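Trainee: just coords:
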């Protein structure tokens, strides 16, 4: 089973930047995509972005409208790492951020199509 560990969360002022990292272990070759989700207090978990991990969509990226142009996902398959670079952070970006692996071949941003999840890392953006 693929295991995921997120690091890099913290407290940052509005307008600042953070880079989250996700270390993957296990049979990562079985994953087709690596995604980032977030959950704010009192809210449902929501999609942030995804990068194709393997197959013909490897390297493809997709983002939620709320973060497009501010967040960038990248990958290093050799190191089994996925990154989320977050720039121009806003207070509404405050949430626990989760890394997740998609094992279905068909591209999907739906939470239910991701089968492995990390424990999450807290990001807090102060005004």
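Mentor: Here it is on my side, so go on. Not measured: the values here are computed from a predicted model.
Trainee: name the helices or strands packed onto the helix or strand of the chain with the lowest mean pLDDT?
Mentor: Using mean pLDDT, DSSP states H and E, the weakest-scoring helix or strand in the chain turns out to be strand 114-117, at a mean of 95. Counting contacts by 3 or more CB pairs under 8 Å, 6 or more residues apart in numbering; DSSP states H and E, strand 114-117 packs against strand 3-7, strand 95-102. All C-beta atoms are positioned from the backbone trio N, CA, C, and that covers glycine.
Trainee: now with 10 Å?
Mentor: Judged by 3 or more CB pairs under 10 Å, 6 or more residues apart in numbering; DSSP states H and E, strand 114-117 is in contact with strand 3-7, strand 33-39, strand 95-102.
Trainee: nearest to residue 54, out of those strands?
Mentor: Residue 54 sits nearest to strand 33-39 of all these, at 8.4 Å, using CB to CB.
Trainee: can you list the strands that the next helix or strand after that closest one pairs with?
Mentor: Remark: after strand 33-39, the chain's next helix or strand is strand 46-52, criterion DSSP states H and E. Here strand 46-52 has these sheet partners by DSSP bridges: strand 33-39 (antiparallel), strand 61-63 (antiparallel).
Trainee: burial-wise, tell me which of these comes out on top.
Mentor: Of all the strands paired with strand 46-52, strand 33-39 has the most neighbours on average by mean count of other CB atoms under 10 Å, namely a mean of 25.
Trainee: give the rounded mean pLDDT of that one.
Mentor: For strand 33-39, mean pLDDT is 97.
Trainee: off-centre distance for it?
Mentor: For strand 33-39, the gap between its own C-alpha mean and the chain's C-alpha mean amounts to 4 Å (CA atoms, centre = their mean, to the nearest Å).
Trainee: do stretch 118-127 as well
Mentor: 12 Å.
Trainee: report the buried residues of it.
Mentor: 118, 120, 121, 123, 125 (16 or more other CB atoms under 10 Å).
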